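Asker: Using only what follows, build the 3D model:
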Amino acid sequence: MAKQKVAMLTAGGLAPCLSSAVGGLIERYSDIAPDLDLVAYKSGYQGVLLGDSIEITREMREKAPLLHRYGGSPIGNSRVKLTNAADCVKRGLVKEGDNPLRVAAERLANDGITILHTIGGDDTNTTAADLAAYLAANGYNLTVVGLPKTVDNDVVPIRQSLGAWTAAEVGAHFFDNVGNEQTAAPPHPRHPRGHGPPLRLADRRDRPRLSPAHQPQPICRRPDDGRASEEYRRRLPA
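Answerer: The predicted model follows:
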């Protein structure tokens, strides 16, 4: 059996879980397969197309738990779709006439990758599915594993994507602080009993009127019966 070599990348928009997901993968592989080679492609699929990767060293493995403390991505992000050849050419990632899926497949094969973890949201994992289909159809022996992350919690059928809970929790804490700071303001002449004018984003008269079809949608709207969204809203901090 050929030796396994694992790669990972983060792509799409930023979410609180990216750094932790990278750290968790490194920790887990170090526990169950310490002799396995680990690499990370920098800046998402861009790194795959350009062959821009870093080896996860022993020192990095030992310090991987530190990544759970931080946001962002230690290996960088980008919004690159392997099915959008024109955009890849415009960015200088592939040559005119090249198929980005083929370029990515060849790079992964040349690097000896047998498992690729794609950490991202809907676009990232849709691209991962396209890449997996291309690899299978063209005889590449490589497994693609998607890790769903998004603050929108809209990756079907995942009930709670990585990053969604942290984003909601931190957002609630932020607005709680905004409300607390409002009470620290000195009394306002027009509101002697309070501490300044009421906190509001905009006066009702200033808000545009929306038709029923364009009303704000519930948080975490998903194309199902809505039960998952209702459950998620109940779990948000008060």
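Asker: do you know how far residue 25 is from residue 147?
Answerer: 8 Å (CB to CB, to the nearest Å). For glycine as for every other residue, the C-beta is placed from the backbone atoms N, C-alpha and C.
Asker: residues bridging contact with the two, i.e. touching both?
Answerer: residue 117 (CB atoms under 8 Å, 6 or more residues apart in numbering).
Asker: From residue 54, how far off is residue 61?
Answerer: Taken as CB to CB, the span from residue 61 to residue 54 is 13 Å.
Asker: Comparing those two, which residue is more hemmed in?
Answerer: Using other CB atoms under 10 Å as the criterion, residue 61 and residue 54 rank with residue 61 on top: 17 against 14.
Asker: can you give me the strands in the protein?
Answerer: Using DSSP state E, the strands of the chain run over 5-10, 37-41, 53-55, 115-120, 143-148.
Asker: want to try TSV for those, with mean pLDDT and distance to residue 90 as columns?
Answerer: Compiled in TSV, the strands of the chain are given as follows (pLDDT from 0 to 100; distance: least, CB to CB, whole Å):
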stretch	mean pLDDT	distance to residue 90
strand 5-10	96	21
strand 37-41	96	20
strand 53-55	96	23
strand 115-120	93	21
strand 143-148	89	25
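Asker: Now do the helices in the protein.
Answerer: 18-32, 45-50, 58-63, 85-90, 100-110, 122-137, 164-183, 227-235 (DSSP state H).
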